[in-house]
Structures are given as structure tokens and as C-alpha cells.
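Visitor: Pasting a predicted model and its sequence here:
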Amino acid sequence: MFNPDLLREAIRLAADNVRTGHGGPFGAIVVKDGVVVGRGTNEVTDSNDPTAHAEVQAIRAACRELGTYQLADCEIYTSCEPCPMCLGAIYWARPRAVYYYNTRHEAADIGFDDQLIYDEIAVPIQERRISFKHTTPDVAETDQPFVLWSRSADRVEY
């Protein structure tokens, strides 16, 4: 269930991140049973890591804290509508809800425009701006990752 105080906490993290100069104006928290189990801020420029978005950072922290790779009993509160990368991470983590403050259109207005990525997803792979080439070098069957995975007795389905 939505808790405005928790959304304000994500917004506060984002504002503090701007004040300290560690990255962009984004903050996120993961909450389980009303308790914050993961926090994240945008640290892209501070860490030189293009994946260091607030939601991804918060998901990583929550998964470490909870000892799981799925957050089915959790909610994510974030200062902004998640970008396509964070949206993918959220769907892989499977929380039950996401609450956000600013919209992606408001983010675009201040220079964080993800529309190109949203558009590229719908473009056939051979027509995308970045070249993606499917290649098939000779690889022994015993070294093919998907073959190994499909035969592994130790695999964990997710």
C-alpha cells in the first residue's frame, strides 16, 4: 500500500544527491513490510558506471540485504518514472508495485531524455542506431553456455 512518507524519502535521497554532487537527481528505495531494505541514488558520473541508476542501486542493495534475487514482497519508491534499463531491472526483480514522483517527460525537460531508447526497442534489430550482429563462430558443444545450462542439475530457474 502506498505510503507518501516513503516516496518523500526517495525524493530526499535524490535532492541530497544533487546537493552532494554524486550524480543525477534520482533516488530510490525498496521497502518490505514498511521497512526500507535498500537505498540507491544515481551515481553514474561519480562511479563512471552507466548502469548506476538509483533504482538499480536500490534493487542491488535490497537483494543483498534480503539474500534473494527476487523482491516479490516489496515495493519500490523512486523519485522519477524508471528509464527503460531500470524498468527491465524492476521486472526481473518482480516487486509488487512501483511508486514514482517525476515523470519521464519531466526528466526529459531537464536533459534526461530516454525516448531514443524507448523508440529503439521497437525498431527491428538490423535497423537500430547501434549495430547488433548475430554471429556464430565454431564452439564445441561442451563449451556452449546454453547447452551447459540446459543440462545442468545445479541451475536455478528464474
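Guide: Okay, I see it.
Visitor: from here on, contacts and neighbour counts on C-alpha atoms
Guide: Fine.
Visitor: what pLDDT does residue 33 get?
Guide: Here, the pLDDT recorded for residue 33 equals 97.
Visitor: tally of neighbours for the closest residue to it other than its chain neighbours?
Guide: When the adjacent residues along the chain are set aside, residue 33 lies closest to residue 74, with 7.3 Å between them (CA to CA, 6 or more residues apart in numbering). Residue 74 is surrounded by 22 other residues when neighbours are defined as other CA atoms under 10 Å.
Visitor: same deal with residue 67?
Guide: As a burial measure, residue 67 scores 9 neighbours (other CA under 10 Å).
Visitor: Let me know the pLDDT of it.
Guide: Residue 67 is assigned 98 on the pLDDT scale.
Visitor: Which element, helix or strand, includes residue 153?
Guide: When secondary structure is defined using DSSP states H and E, no element contains residue 153, which sits outside every helix and strand.
Visitor: Ok, residue 113 next?
Guide: Since the elements are taken from DSSP H and E, residue 113 ends up inside neither a helix nor a strand.
Visitor: quick one, what contacts the closest residue to residue 49 other than its chain neighbours?
Guide: Leaving out its chain neighbours, the residue that sits closest to residue 49 by CA to CA, 6+ apart is residue 43, at 7.4 Å. Under the criterion of CA atoms under 8 Å, 6 or more residues apart in numbering, the contact partners of residue 43 comprise 22-24, 49, 52-54.
Visitor: Mean confidence (pLDDT) on the longest helix along the chain, please.
Guide: Once the chain is assigned using DSSP state H, the helix that runs over the most residues is helix 4-20. Along helix 4-20, the predicted local confidence has a mean pLDDT of 98.
Visitor: Perfect, I'm done here.
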